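Sequence plus the predicted model coming up.
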Amino acid sequence: MVSEQNSDFNCFKKNIALMKKEIFLLLFIVFLILGQISAQEVRIEQTEVKKSVKIESTKTEMEKVVESGISVKSDLIIPAIENKPVEISNQANTNLNSNTPVIQVNDSINYPRHIKGIPFGYEVVTHGNQPKAAPANDDICSATVISPAGGCLENQTTHDANPDYFGGCVPNGSNSIYYQFTLTGSNNMITLDLDDFFDMGRQINFFLFEGPCTAPNGIYVDCNYTAASISVDFYNLTAGITYYLQISCQPGVGNEITNFDLCVTQAIAPPLITGPEQDCFGAIPVCDQTYVQNLSYTDYWDNQELVLGATCLYGGENNSVWYVFTPQTSGNLAFTITTTKDYDWALYDLTAIGGCENIPSSTPVLCNYSGTLGNTGATLPVNATIPRSVNDLGSPFMAGIPVVAGNTYALLIDNYTADINGYTLSFDISAGSASIADNPPATGAYPFVSSATGSCTSNTIILSLSEFIDCFSIGQTDFSLTNTTTGTNFTGAIVSVTGSACATGEYSNELIITHNGSLTTGSYTLTVNAGASLEDICGNPIQPGGTVTFGYLAPITLTASDLSICGGESINLNANGADGTPSVTTYTLNPGGLTNNTNGVFSGLTPAITTTYNVSATYGGCSQSANVTINVEGNILTTINPTNQTVCAFPVVLTASTNINGTPCAGCTYVWSTGATTTSISVNAAGTYTVTATTSNGCGNFNSPSSIISVAGSGTGGGTCDVLYVSPAGGGTGLTKDSPTTLALAVDMAVCTNTTIKMQKGIYTLTSYQYVPSYITIEGGYDALFETKSSDLTGGANSTTIRRTNAGDTGYPNECCAFRVQDGALQFRIQDLRIELPGSTFVAGHAAGSNKVNFGIKLGTTCSAYNIVRCYIDAGIGAAP
């Protein structure tokens, strides 16, 4: 109980102390704000000017978190400082003896957001009227001079500027123009202001170099500005040194900016520091066991990379900086951040999550948000359980983790209390601990190429490296490329070398080598050249002679000896792109499943129909394929219309037509047995007529069509009225109503006479088919006196009922027809008949196994101009097999 009371009392004292600290800091902030909004004396170009600066109240991300109800620490919420342009030069690691300049910071904390000075006394420089291509400052050594003391240039343009490429986040192929300036006095920063754009929506990039112009050294890069008015600051500059500024737009036709104004103003940089290292993509490389951070950071850089509430740093990044390191040996990872203030941290395994771009969607392996002031970090012994985190009430120390050599980690350190005094980051070096030092050959290792893969879809080679490299060290002549299968040197085919992650950051462990597409199939060796400039993030150069091998499959093609053939003819197909003796791969041709592992030739193919052939090959982890379609003019069938027609008189017109695979042939030519070469012929004699057809590709028809033309015997007709009368009993002449005849005799008499046969109602029994010629009408439904007519089809004596027995047709034993219309018959009419076939109610069916088929009315070929009206057909049942 005493221990609990003491604990409560200690918490009470701590809260009182924190409240006192908050009151003191708030009073201090008010004092600073009052000091900054007072009138200031500014002397520019020997002109004394008064200016007042208004401080805008801006909520920080942490304040928004507090309003949203997310749990945060009880310490003061420190306003963030506005973002600054990309600073390529990182803070110095004192153990590496770097000469990188740093900003001197006084003992005060700059709580308000940075306020830009208002430029006065601009020195205006004009260049005539509308700019003309190409701009005079198209080349870095032709850079336009601009005064840093408020100098302005009007009507500037990137129109027709040529592209230059120096790396960084500026895309290759960006049209660029250049300016130069030299700071004076004690000024160490420059502010660029761009206005009056005619072309908006463009992505504008800035790249700052130190001279000489013939060998510029990039020191700052800032990309992808799209605002209507742009203001960019560059810090840590040195007075007296000439700097070169590149302004460019993204590549592509029409992506240019014209008629813009550029103004520059020099000044002394504000306290505290910001830089691209405040994003994971620009993380500071840690190359030794100890890293001394002399100056503290404020705010975050371009991106709030921690999703609010998603990690133990509930409010996201506050005043943060990123570090990146790669253990050189496997072992235990422990570290200490030595400070007297409250610093929080989160550790990410970049190798496991796939790089900095996945930070927002990933969970840190370790995360510490302790509210305890003073040292913090990860300790021994380690704990392999991940992820783990500590909240604001927890200990500033937590167990470290085991790590594997070669894995790359990113460490975010967040300056929660806006400390300006910096800190020291120290990694444990006791027995069993992983070594962070990357100073080969004593400790660490030089970077090397580890693997390469040829892209299956583009002209690129993906080269993996043993560790992250500095994007600015990538050289365009660092590698040689040889096809060892053929012994061909393809180094000259390399177009460019870029880092896959360099567009958004400064480090990448993967290179993209673009070639011109001339590579042939085979096994390749990629070799590091002597003098290669590539370095890891700690400045260790890649060693010459390192090699990797990979297989590459070039695009393949498929050609044919003939794209159109006749049925039965053969063709040859030739695949190219992976030939060899033998080839490193095998061509596979489908349909057919044929293979070839030498010259890719497939001979003697005889497709029966139009066929699309596909050839494919697989090698180097890629598959390529190609197609070709062979048009086969097969199944060429010709018909003659009419076919086998019995005619009453001549002439008769015969017409030929042809289908190729069911599609009409528009370009076919014909030769008749008469010698005629037209599509249609007119014949004047009975006989058999044949025709042959030839397609436009010279293919002949597969069949031998013929038409037999016969002359019908002339019937006697129906007298002056052209009417014949029929009854079930028959027996008369058929010429008068009181002397009806049979149906068979009436049809014979009606041939070629345009006679109408009128049939009494009743039942007519047919033992074979009744043929139907041209120019005849058979009409039922008449009463016994042929005076009235009915369309009753109910059957029996109520209708003119035709009952066909189950006997086979004469000449067609497997068919049982009531009426069989002659081939080519025309202008016939059958009306008001009821037809009952075998198997129907009143007709005996076929015997099993007789294989007979019933037809009520079977039309001959090419019948035309006929009518079948109000006929009822009971089809019965065909014979069972």
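Ah, there it is. Quick caveat: nothing in here was measured; it's all calculated off a predicted structure. Numbers count the residues shown, from 1 in each chain.

Output stretch 547-558 in CSV with nothing but the alpha carbons.
C-alpha atoms of stretch 547-558 as CSV (Å, rounded to 0.1, in the frame of the first residue of the first chain):
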residue,chain,number,x,y,z
THR,A,547,29.2,-10.8,-63.4
VAL,A,548,25.7,-12.2,-63.5
THR,A,549,24.1,-14.4,-66.2
PHE,A,550,20.6,-14.6,-67.4
GLY,A,551,18.6,-16.1,-70.2
TYR,A,552,16.9,-13.8,-72.7
LEU,A,553,14.2,-14.8,-75.2
ALA,A,554,13.8,-12.4,-78.1
PRO,A,555,10.4,-11.8,-79.7
ILE,A,556,9.6,-14.6,-82.3
THR,A,557,7.9,-14.4,-85.6
LEU,A,558,6.1,-17.0,-87.8
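
can you pull the buried residues of it?
Val548, Phe550, Gly551, Tyr552, Leu553, Ala554, Ile556, Leu558 (16 or more other C-beta atoms under 10 Å). Bear in mind the C-beta positions are built from the backbone N, C-alpha and C, glycine included.

Please list the members of those residues that lie in strands.
Of these, the ones assigned to strands by DSSP state E are Val548, Phe550, Gly551, Tyr552, Leu558.

mind putting those in CSV, pLDDT and distance to Ile436 included?
Listed next are these as CSV, based on pLDDT from 0 to 100; distance: C-beta to C-beta, whole Å:
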residue, pLDDT, distance to Ile436
Val548, 97, 27
Phe550, 96, 32
Gly551, 94, 37
Tyr552, 95, 38
Leu558, 97, 56
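
Adding distance to Met749, write these out as a markdown table.
Output for these, formatted as a markdown table (distance: C-beta to C-beta, whole Å):
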| residue | distance to Met749 |
| --- | --- |
| Val548 | 100 |
| Phe550 | 94 |
| Gly551 | 90 |
| Tyr552 | 89 |
| Leu558 | 70 |
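
Can you name the two of those residues that sit furthest apart?
Val548 and Leu558 (31.8 Å; C-beta to C-beta).

Just the pLDDT at the spatially closest residue to Pro447 that is not a sequence neighbour, thanks.
What sits nearest to Pro447 in space, not counting adjacent residues and going by C-beta to C-beta, 6 or more residues apart in numbering, is Asp536, at 4.2 Å. According to the prediction, Asp536 has pLDDT 91.

which stretches of the stretch 351-500 of the chain form strands?
Assigned by DSSP state E, counting those that start in this stretch, the strands in the stretch 351-500 of the chain fall at 366-368, 376-379, 388-390, 397-399, 401-403, 409-415, 423-427, 449-454, 460-470, 479-483, 488-489, 494-499.

Go through these and name the closest to Val751.
strand 449-454 (83.1 Å).

Strand 479-483 and that closest one, what's the angle between them?
With axes from the mean of the first three to the mean of the last three C-alpha atoms, to 10 degrees applied, the angle from strand 449-454 to strand 479-483 works out at 50 degrees.

got the angle between strand 449-454 and strand 547-552?
20 degrees.

what lines up beside strand 449-454 in the sheet?
Using DSSP bridges, the strands paired with strand 449-454 in its sheet are strand 460-470 (antiparallel).

can you pull the buried residues of the strand it pairs with?
So, applying 16+ other C-beta under 10 Å, buried residues of strand 460-470: Thr460, Ile461, Leu463, Leu465, Ser466, Glu467, Phe468, Ile469, Asp470.

who touches Asn599 in this structure?
Asn599 makes contacts with Asn574, Asp579, as judged by C-beta atoms under 8 Å, 6 or more residues apart in numbering.

Mind doing that once more with 7 Å?
Asp579 (C-beta atoms under 7 Å, 6 or more residues apart in numbering).

Output the buried residues of strand 460-470 in TSV; the columns should cover distance to Thr443.
What follows is these, written out as TSV (distance: C-beta to C-beta, whole Å):
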residue	distance to Thr443
Thr460	35
Ile461	32
Leu463	26
Leu465	19
Ser466	15
Glu467	14
Phe468	17
Ile469	18
Asp470	19
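
nearest to Ser186, of those residues?
For these, the nearest to Ser186 is Asp470 (31.3 Å; C-beta to C-beta).

Helices of the stretch 251-400 of the chain, start to end?
Under the criterion DSSP state H, counting those that start in this stretch, the stretch 251-400 of the chain carries helices at the ranges 350-353.

so where is it shaky, pLDDT-wise?
Low-confidence segments of the stretch 251-400 of the chain (pLDDT under 70): 269-271.

try it again with 80
253-254, 269-272 (pLDDT under 80).

With the stretch 651-800 of the chain instead?
Flagging of the stretch 651-800 of the chain using pLDDT under 80 yields the residue ranges 711-721.

do that again at 70, thanks
For the stretch 651-800 of the chain, the ranges with pLDDT under 70 are 713-721.

Show me where it has its helices.
743-750.

Just list the residues touching Lys858, thanks.
Cys817, Arg820, Val821.

nearest to Ala578, of the residues you listed?
Nearest member of the contacts of Lys858 to Ala578, counting by C-beta to C-beta, is Val821, at 63.9 Å.

hmm, who's touching stretch 732-743?
Stretch 732-743 is contacted by residues 718-719, 724-727, 730, 745-746, 749, 759-760, 764, 770, 785-786 when judged by C-beta under 7 Å, 6+ apart.

out of those, which are inside strands?
Per DSSP E, these map to strands at Leu724, Tyr725, Val726, Met759, Gln760, Tyr764, Gln770.

The chain - how does it break down into domains?
123-267, 276-427, 449-552, 557-633, 636-711, 719-874 (automatic domain parsing).

Against His515, how distant is the residue nearest the centre of the chain?
Per C-alpha atoms, centre = their mean, the C-alpha nearest to the average position across the chain is that of Thr457, at 11.2 Å. Distance, Thr457 to His515, using C-beta to C-beta, to the nearest Å: 14 Å.

My guess is Tyr348 contacts Ala410. True?
Yes - the pair Tyr348 / Ala410 is scored as a contact, 4.6 Å apart, by C-beta atoms under 7 Å.

the more surrounded of those two?
More crowded of Tyr348 and Ala410, by other C-beta atoms under 10 Å: Tyr348, with 28 against 22.

Return the distance of that one relative to Ile284.
Taking C-beta to C-beta, one finds Tyr348 at 15 Å from Ile284.

do Gly762 as well
114 Å.

So for these two, which sits in the more crowded spot?
For Gly762 versus Ile284, neighbours defined as other C-beta under 10 Å are more numerous around Ile284 (25 against 18).

count of residues packed around Asp832?
22.

my bad, should have said Ala143
23.

Could you pull up phi and psi at the residue located most distally from the centre of the chain?
Residue distances from the centre of the chain (C-alpha atoms, centre = their mean) peak at Asp738, which lies 89.0 Å from the mean C-alpha position. With angles defined as degrees, to the nearest 10, Asp738 sits at phi -90, psi 10.

mind listing what Val390 touches?
Listed by C-beta under 7 Å, 6+ apart, the contact partners of Val390 are Cys312, Asn368, Tyr369, Ser370, Met398.

Could you measure from the second one over to Tyr725?
As judged by C-beta to C-beta, Asn368 and Tyr725 stand 118 Å apart.
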